[in-house]
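In: generate coordinates for the sequence data below:
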Amino acid sequence: MISIDIGLFLAHLIVTDNKIDIKTNQILMDYLKDEGDITAEEFQRINDVIENNDDAQPLEQTL
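Out: Sure thing, here's the model as predicted:
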């Protein structure tokens, strides 16, 4: 199972270059829905990172 920590880290990897590839994002989201042991709240935290929301958890905290 994929944990919230791994999900957040993967989200940060996706947005590292400040270019969000829609296909990559969709693959991650589908994978987390299918294989992840992630709650709706945790899923939103991951999405906050991808959408670069002000309240997104910073990479330093994720690590």
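
In: which residues sit against stretch 7-27?
Out: For stretch 7-27, the external contacting residues (CB atoms under 8 Å, 6 or more residues apart in numbering) are 28, 32, 36, 38, 42-43, 45-47, 49-50, 52, 57, 59, 62-63. Every residue, glycine included, has its C-beta placed from N, CA and C.

In: now, those that are in helices?
Out: 28, 32, 42-43, 45-47, 49-50, 59, 62 (DSSP state H).

In: burial count for Asn52?
Out: Residue neighbour count, defined by other CB atoms under 10 Å, stands at 10 for Asn52.

In: can you pull the pLDDT of it?
Out: With respect to pLDDT, Asn52 has a value of 83.

In: if I look at the residue nearest to it when sequence neighbours are not counted, how far off is Leu59?
Out: Leaving aside its sequence neighbours, Asn52 sits nearest to Val15 (CB to CB, 6 or more residues apart in numbering; 6.6 Å). Separation of Val15 from Leu59 (CB to CB, to the nearest Å) stands at 9 Å.
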